[in-house]
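Trainee: sequence below, structure please.
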Amino acid sequence: MKNLFLFIAVLLFSIPTICQKVDIDNYWVEISCVDLPLNYIPERNRTYSVSLEGNRGFTGQDIADQIHLYGWTKVTENAGLDVNVYIKGFRSGQASSSSRTVETKDKSGKITSSTTYYKVSVTNTGSGDVKIYGPKNELAKADKKNREENKKDKRKVEAEVNPFLKHVDTGNIGDELGDLTSDKALAYKYSLDNSYTYETSEYTSASMAFKEYNANSSNKIYDHENSYLNDFPKWVSNYLNNQYGYKPYKYNVKFKKLDSEKHPEFTMFDNATKAFKAIFSKMRYNKSEKEVERDLGPIISYFEGLTTRYIKDEKHEKRLRGAAYYNLARIFQYLDKHDKAIEIGNAIIATGFDEDEGEDFIKESQELKRKLTFHQMNSRHIVPLNANQELDEMGESQSAEGKN
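Mentor: This is a model prediction of the structure:
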């Protein structure tokens, strides 16, 4: 009996060393790099001009200077792109009242009290548009490319059967041409219309609601007009950059951390993940990624070592190995080494653990490779061509989940 208890005790103390528990949690790191635009225009042609016309209260050089296209040079003549902003003005709306009634019922469903609440609201509106004239060279999805080919084929058939189109070039039918604003073709048009609503508090008297409205409506119209004045240059810049700009974006990127403090790898794994923030904080859209890649070298070696040391077909080792693979794939994605990321994705699938993550890495990196090839770039970083492009900017924040 004594020997039996001794055997059980030895076995219990041996379990943690045989099968060490592994808990994995998410670890978020901000990483800044270029957000690639829809269109590719050769670098030598990346110049643009901005004209701002319309209501005098919304025009002026100081406002036009707020419109910025990343990776391009602003010029006053002979630009590759002409950006024309036309602001019609700002219009105050007509006040309207509304009401709602709240009823109280007893247990039998009989109404015991009824109160009506009133409020007054008004919607004020700014209106305008932006037109972009110049080349249009979009990275199309495969299905869109097929639709365009079908459209051209349809035009060809129509030309063949219509005797009046026999000698007419129908290749550009449907494309919009420029107007008096520019000698270039119209590439894009975007509405700058926007509404701002002011609502009073609710009152049990309609006259009290109108009293609040009359006291505040003038100030609200002024505030709304100023908001529109501040907003529309940002909208123009955002739209312009989505189509053509190589703008900085600050992605909130998910990595994996080891959350089991008693695990023998905890300290090293924890140090490695914490180092991500310090190292990736140096990454910028307008600086080479090579320094960051060099600093990440020891971390890459550490995680690669984990994938070869923890190879047992057991759930806790699979978790640790999977977390190491995940971090490696993320590192290679943001170093724009997408063949390596795809290789890691396939390794994740081969383990039979979190196969969906492996498939996601492959899909994401294949798409990033396609975009970089289209833009004739090796990485999501630009070489500054002027003083504006040398500014230290990280860009707006957004989640990297579903968008790389």
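
Trainee: quick one: the strands in the stretch 101-250 of the chain?
Mentor: Across the stretch 101-250 of the chain, reading from the start of the chain, the strands by DSSP state E, counting those that start in this stretch fall at 111-133, 186-191, 194-199, 247-258.

Trainee: take those strands and write them to CSV, including distance to Phe276.
Mentor: In this view, the C-beta of every residue, glycine as well, is placed from N, C-alpha and C. As requested, the strands of the stretch 101-250 of the chain are exported to CSV (distance: least, CB to CB, whole Å):
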stretch, distance to Phe276
strand 111-133, 38
strand 186-191, 38
strand 194-199, 39
strand 247-258, 6
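
Trainee: closest to Gln333 out of these?
Mentor: Distance to Gln333, taken as CB to CB, is lowest for strand 247-258 among the strands of the stretch 101-250 of the chain, at 8.6 Å.

Trainee: ok, and what's touching the helix or strand that that closest one is followed by?
Mentor: Once strand 247-258 ends, the next helix or strand along the chain (criterion: DSSP states H and E) is helix 266-280. Outside of helix 266-280, the residues within contact range by CB atoms under 8 Å, 6 or more residues apart in numbering are 27, 29-31, 253, 255-258, 260, 263, 292, 295-296, 299, 302-303, 306, 323, 327, 334.

Trainee: same question for stretch 387-398.
Mentor: For stretch 387-398, the external contacting residues (CB under 8 Å, 6+ apart) are 30, 32, 35, 68, 70-71, 247-252, 284-286, 382, 384.

Trainee: drop anything exposed from those residues.
Mentor: For these, burial is judged from neighbour counts taken by 16 or more other CB atoms under 10 Å, and it is met by 30, 32, 35, 68, 70-71, 247-251, 284-286, 382.

Trainee: picking up where we left off before, of the contacts of helix 266-280, buried ones?
Mentor: Among those, those that count as buried by neighbour count (16+ other CB under 10 Å) are 27, 29-31, 253, 255-258, 260, 263, 292, 296, 299, 302-303, 306, 323, 327, 334.

Trainee: tell me which helix or strand in the protein has the weakest average pLDDT.
Mentor: Confidence across the helices and strands of the chain bottoms out at helix 2-18, with a mean of 40, counting by mean pLDDT, DSSP states H and E.

Trainee: sheet-wise, list the partners of the helix or strand following it with their directions.
Mentor: Stepping forward along the backbone from helix 2-18, the first helix or strand reached (DSSP H and E) is strand 24-35. The strands that strand 24-35 pairs with in its sheet are strand 247-258 (antiparallel) (by DSSP bridges).

Trainee: so how far is Lys184 from Asn137?
Mentor: Taken as CB to CB, to the nearest Å, the spacing of Asn137 relative to Lys184 amounts to 13 Å.

Trainee: run a quick neighbour tally on Glu138.
Mentor: Residues contacting Glu138 under the criterion other CB atoms under 10 Å number 14.

Trainee: okay, and the beta partners of it?
Mentor: On DSSP bridges, the residues paired with Glu138 through beta bridges are Asn39.

Trainee: quick check, it in contact with Ile41.
Mentor: No. The pair Glu138 / Ile41 is not scored as a contact, 10.9 Å apart, by CB atoms under 8 Å.

Trainee: show me what the longest helix along the chain is packed up against.
Mentor: Within the chain, and with DSSP state H defining each element, the longest helix by residue count is helix 206-244. For helix 206-244, the contact count by 3 or more CB pairs under 8 Å, 6 or more residues apart in numbering; DSSP states H and E identifies helix 61-64, strand 81-91, strand 96-105, strand 111-133, strand 186-191, strand 194-199 as packing neighbours.

Trainee: and the shortest one, what's buried?
Mentor: By that I understand helix 61-64. 63-64.
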